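1. this is a predicted model, with the sequence first.
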Amino acid sequence: MNIRTFIVAVLLASVSATGAFALDFGWLKGGKKTSQKAENYFIDARRAYGSADYSKTIALTTKAIAEDKNFANAYMLRGKATKDMGDIDKALKDLDTALTLDTKLGEAYFIRGQANEIMGEMDKSAADYKKSCAAGYKMACK
């Protein structure tokens, strides 16, 4: 029995004994779960963005990032709000960070594509839209 099989067997025995079925297996793949405080800031930031309150979105995502420096979605949303406020250089930095942390964020590629398009970087923009579509972000596949 290898170590992985052993761990799964122990977890299944634990689930069977406790009746707990909602387990977070992120630690098995080395992942780190985002803190609840960071998640709450992010949820509030998404609401602020939906209300077009970009300053509040930036403030809340900055708080989420302070709680978790590896929160890719918070960098993405802050980059999106920053882009919408017209600060493309800052937006690109946040989007680059988001994509360094999670290369599968299709929406981040899409937003970065928009930012590059604004900057007149059409080749970079097209490449980002292509990556966005490949990552499953359907808005980029049109």
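-> Sure, I can see it. Numbers count the residues shown, from 1 in each chain.
2. in this protein, which ranges drop under the pLDDT threshold?
-> Where the chain drops to pLDDT under 70, the residues are 1-32.
3. could you say which helix or strand contains the spatially most central residue of it?
-> What sits nearest the mean C-alpha location of the chain, by Cα atoms, centre = their mean, is residue 73, with 2.3 Å. Element membership of residue 73, judged by DSSP states H and E, is helix 72-84.
4. what's the following helix or strand after that helix?
-> Sequence-wise, the next helix or strand downstream of helix 72-84 (DSSP H and E) is helix 88-101.
5. helix or strand right after that next one?
-> Past helix 88-101, the next helix or strand by DSSP H and E is helix 106-118.
6. between that next one and helix 72-84, how big is the angle?
-> 20 degrees (axes from the mean of the first three to the mean of the last three Cα atoms, to 10 degrees).
7. just checking, what packs against helix 106-118?
-> helix 72-84, helix 88-101, helix 122-134 (3 or more Cβ pairs under 8 Å, 6 or more residues apart in numbering; DSSP states H and E). Every residue, glycine included, has its C-beta placed from N, CA and C.
8. off-centre distance for it?
-> Offset of helix 106-118 from its chain centre (Cα atoms, centre = their mean, to the nearest Å): 14 Å.
9. contacts for that helix, please.
-> Contacts to helix 106-118, defined as Cβ atoms under 8 Å, 6 or more residues apart in numbering, come from residues 72, 75-76, 79-80, 83, 88, 91-92, 95-96, 98-99, 102, 122, 124-129, 131-137, 139-140.
10. pick the most buried one from the helices and strands packed on helix 106-118.
-> helix 72-84 (a mean of 25; mean count of other Cβ atoms under 10 Å).
11. starting at the chain centroid, how far to that one?
-> Worked out by Cα atoms, centre = their mean, helix 72-84 lies 9 Å from the chain centre.
12. same check, this time on stretch 42-56
-> 15 Å.
13. buried ones in stretch 65-74?
-> Neighbour-count burial for stretch 65-74 flags 65, 67-68, 71-74 (criterion: 16 or more other Cβ atoms under 10 Å).
14. residue 38 and residue 60 touch, don't they?
-> No: in this structure, residue 38 is not within contact of residue 60 by Cβ atoms under 8 Å, at 10.3 Å.
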